[in-house]
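> have a look; sequence and predicted model below, questions after that.
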Amino acid sequence: MSRRFSDVGSVSVELAILMPMLLALVVLVIAGGRIVTADLAVEHAATAAARAASLARTPAAAHSNAISAGTRALAERNLTCAGLQVTADTGGFGRPGALGIVTVTLRCSVSLADLTGIPGLPASIPLRAVFTSPVDPYRSRS
């Protein structure tokens, strides 16, 4: 008679081998979702900042409006950015008779520091969004 080997405990061993890989996959999905959500929020903030800057009367006011609108849009989306930079290019702002444009560039870094345990996952991801808006030709210039 031959003796049969039992499969008792094999599921526990398989689960112990697969669990770290499943947890790593879950962390990567969470990180990807956080990056995509943050990227959309930064795009929205750049759009809002450019629109607010294009409605200003002076280049200095345009820059100030861009910063406040970009910061407010990120706060509305509950996104905290490290090193937030909002720059407004108002080079074509005040040319009479020509259609002017304002280009806003928004940069920030989204933290992934709380998603530890995955080798190669950076502590933060830098994001950048650029949006151009035409200057309102009917705005008051005085």
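Done, it's in. Numbers count the residues shown, from 1 in each chain.
> surely Val102 meets Ala50?
Yes. Using C-beta atoms under 8 Å, Val102 makes contact with Ala50 at a distance of 5.8 Å. Placement of C-beta: from N, CA and C, glycine included.
> mind listing the shared neighbours of these two?
Taking C-beta atoms under 8 Å, 6 or more residues apart in numbering as the criterion, Val102 and Ala50 both touch Ala66, Ala88, Thr132, Ser133.
> on the pLDDT front, check the second one for me.
At Ala88, the model reports a pLDDT of 92.
> what do you get for the first one?
The score at Ala66 is 95. That number is its pLDDT.
> what separation do you get for it and Leu74?
Ala66 sits 13 Å away from Leu74 when distances are taken as C-beta to C-beta, to the nearest Å.
> how about His63?
With C-beta to C-beta as the criterion, His63 and Leu74 are 17 Å apart.
> try Ala49
Counting by C-beta to C-beta - Ala49 and Leu74 are separated by 10 Å.
> repeat for Leu84
Leu84 is 7 Å from Leu74, by C-beta to C-beta.
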